[in-house]
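Asker: Fold the stuff below for me.
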Amino acid sequence: MRSIWNGAISFGLVSIPIKLVNATESRSISFRQIHTEDNGRIRYRKVCELEDREVSQAEIGKAYEDADGTIIPITDDDLSHLPIPTARTIEIVAFVPADRIDPLQMGAAYYLAAGGAPAAKPYTLLREALKRSNKVAIAKYALRGRERLGMLRVVGEAIAMHGLLWPDEVRAPEGVAPDAHVTIRDKELDLADALMDTLGEVDLEDLHDEYREALEEVIAAKASGEAPPEAPAPAAAGKVLDLMAALENSVRAARESRGEAPAAEAEVRPLPRRAAPKAAGGKKSTSTAKKTTTAKKAEPARKSTSKAASKTASKAAQGAKKTTATKTTAKKTTAKKTASRKRTA
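Answerer: Numbering: from 1, shown residues only. Down below sits the predicted model:
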């Protein structure tokens, strides 16, 4: 790995020559800007606005623009003579527990490589001291024209440094949390805990950039003259009207995805509105009793209706027909109610 900065770690009176190398690398796919009509590359040229001509990188320097527009040139020699001790030194100022560092402050990561054989022993001494103390070192250093804050910690057998933001560079989360007053019930927390337990932990080595892989497939397909793969239609997302139901469904889906048996769902507390089997059982016995009584009453009614119908047919009386129709209607109504109660039961 190529070093991007050379200097030394100042550990009290101990000086450790080191080289700074990037600990991370970007895997993202970059694009070029082109002219859509002929695929010609679009390039940016650095032009001096006074001479109206393109200049090379060797002709470009740094300058500070004052409020009134005055340009103040700053050379590399000016920066190398800054009146601070961290110009070429990572100065350790304190050792603190790792949990004292707010993750919001953490930025770029670097490895600190020992600068030659003489640095091996003091480098190892600092590494082992950090291991035994279970602490991290807070340091100041200068890089790319400004003084920065860093955190040194042990990674394997190496010392790594994380760039930190200064505390006044981290914004307070004002206006971010919901303003509305919300009450969270214990049952909702229980389901959220069950969901967290079901999802469990993950080996970060198993995670990968699916977007980059899909983009590589598209590029490969177009390079070979094939049609790029089409993305599946996204599932329609419904509105979450019942948080408890959404949590239950999430727990169930997570367990099914892990191949767990459905019996494991017994760990989740049921919703209050689902704890109604007892009431339903009581209605069942009452409904059964009603069904038996209705059946007994309906039987004589059917017999009397049949006799009345035969008498009415022989006499052909208008009034008797009305009576028969009324009784027949009553019979149908009774039968419908009986069927309805059976279904209810």
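
Asker: Only C-alpha atoms from now on, for both contacts and neighbour counts.
Answerer: OK.

Asker: now the helices: where do they sit in the protein?
Answerer: Here the chain has its helices, by DSSP state H, at 76-80, 120-133, 186-199, 210-223, 243-257, 277-315, 318-344.

Asker: State the mean pLDDT of stretch 136-145.
Answerer: Stretch 136-145 shows a mean pLDDT of 88.

Asker: got it, and stretch 211-230?
Answerer: Mean predicted lDDT for stretch 211-230 stands at 86.

Asker: How about residues contacting that stretch?
Answerer: Applying C-alpha atoms under 8 Å, 6 or more residues apart in numbering, the set of residues contacting stretch 211-230 from outside is 28-29.

Asker: Buried residues of that stretch, list them for me.
Answerer: 218, 228 (16 or more other C-alpha atoms under 10 Å).

Asker: Okay, now the unreliable bits of the stretch 51-200 of the chain?
Answerer: 82-87 (pLDDT under 70).

Asker: Do a quick rundown of the strands in it.
Answerer: Secondary structure of the stretch 51-200 of the chain by DSSP state E, counting those that start in this stretch: the strands cover 53-54, 62-65, 71-74, 89-97, 106-114, 135-143, 146-155, 158-164.

Asker: Dump those into a markdown table; add mean neighbour count and distance to P173 as well.
Answerer: Below are the strands of the stretch 51-200 of the chain laid out as a markdown table (neighbours: other C-alpha atoms under 10 Å; distance: least, C-alpha to C-alpha, whole Å):
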| stretch | mean neighbour count | distance to P173 |
| --- | --- | --- |
| strand 53-54 | 10 | 45 |
| strand 62-65 | 11 | 33 |
| strand 71-74 | 12 | 37 |
| strand 89-97 | 17 | 24 |
| strand 106-114 | 19 | 17 |
| strand 135-143 | 21 | 25 |
| strand 146-155 | 19 | 22 |
| strand 158-164 | 21 | 18 |
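
Asker: Once you drop chain neighbours, what's closest to V93?
Answerer: Closest residue to V93 apart from its sequence neighbours, by C-alpha to C-alpha, 6 or more residues apart in numbering: A139 at 5.4 Å.

Asker: so what's that neighbour bridging to?
Answerer: I92, G150 (DSSP bridges).

Asker: Hmm, I90 and it touching each other?
Answerer: Yes. Counting by C-alpha atoms under 8 Å, I90 is a contact partner of A139 at 6.1 Å.

Asker: Name whatever forms a beta bridge with I72.
Answerer: Here I72 shows beta-bridge partners Y64, assigned using DSSP bridges.

Asker: Tell me the spacing between R2 and A137.
Answerer: Per C-alpha to C-alpha, to the nearest Å, R2 is found 24 Å from A137.

Asker: er, K222 I mean
Answerer: In terms of C-alpha to C-alpha, K222 sits 50 Å off from A137.

Asker: likewise S56?
Answerer: Separation of S56 from A137 (C-alpha to C-alpha): 42 Å.

Asker: Check A63 too.
Answerer: 34 Å.

Asker: Contact partners for the residue nearest to V93?
Answerer: Applying C-alpha under 8 Å, 6+ apart, the residues contacting A139 are 90-94, 149-152.
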